[in-house]
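Enquirer: Please work out how this folds:
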Amino acid sequence: MLAVCAGLYVLNGFLIGWANAYDVITGITSPAVARPQWCAWPLSLAGWAAIPAIIGAAAGYVITEQIQAHHARELSDVLDELRRRTSGPAPSPGSGS
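Expert: Predicted coordinates for the structure are as follows:
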């Protein structure tokens, strides 16, 4: 899907100009005003549908990896770490307290 979007962007970059291709894929400019329209419409549809899907898939992957990393820790390790953090620093041997 990413390759198709990139291919459409490159094709439109050569045919309608790079700035116009960016404006069409982001929805700033209507593909109806671009010439030739036959290549701008698929780029517009890709920008409308595929780009949010690609970004959402990447975000979902990152979130899933973070959740899996936290689930990999043993509960006893997490509780031990919490106890160490809440008990405060241990007194140093030379402090005399």
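
Enquirer: When you work out contacts or count neighbours from here on, use the C-alpha atoms and nothing else.
Expert: OK.

Enquirer: Residue 33: what secondary structure?
Expert: What DSSP: H, G, I helix; E, B strand; the rest coil gives for residue 33 is coil.

Enquirer: Could you number the chain from 219 rather than 1 from now on?
Expert: All set: I'll call the first residue 219, so the last point we hit is now residue 251.

Enquirer: For the helix ranked longest in the chain, buried residues please.
Expert: In the chain, assigned by DSSP state H, the helix with the most residues is helix 269-289. For helix 269-289, the neighbour count (16 or more other Cα atoms under 10 Å) marks residue 269 as buried.

Enquirer: pLDDT (mean, whole number) over the very next helix or strand once past it?
Expert: Sequence order places helix 293-305 as the next helix or strand after helix 269-289, per DSSP states H and E. Helix 293-305 carries an average pLDDT of 87.

Enquirer: One more: stretch 266-273?
Expert: Per-residue scores along stretch 266-273 average to 89.

Enquirer: Tell me which residues are up against that stretch.
Expert: For stretch 266-273, the external contacting residues (Cα atoms under 8 Å, 6 or more residues apart in numbering) are 219-220, 223, 243-245.

Enquirer: Next step: those residues restricted to helices.
Expert: Using DSSP H, the contacts of stretch 266-273 in helices are 220, 223, 243-244.

Enquirer: Now the buried members of those.
Expert: Using 16+ other Cα under 10 Å, the buried ones in the ones in helices among the contacts of stretch 266-273 are 223, 243-244.

Enquirer: need these in TSV with pLDDT and distance to residue 250, can you?
Expert: Output for these, formatted as TSV (pLDDT from 0 to 100; distance: Cα to Cα, whole Å):
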residue	pLDDT	distance to residue 250
223	88	19
243	94	13
244	91	14
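
Enquirer: if we can go back for a sec, can I get the contacts of stretch 266-273 in a markdown table with distance to residue 269?
Expert: Output for the contacts of stretch 266-273, formatted as a markdown table (distance: Cα to Cα, whole Å):
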| residue | distance to residue 269 |
| --- | --- |
| 219 | 9 |
| 220 | 8 |
| 223 | 8 |
| 243 | 9 |
| 244 | 9 |
| 245 | 11 |
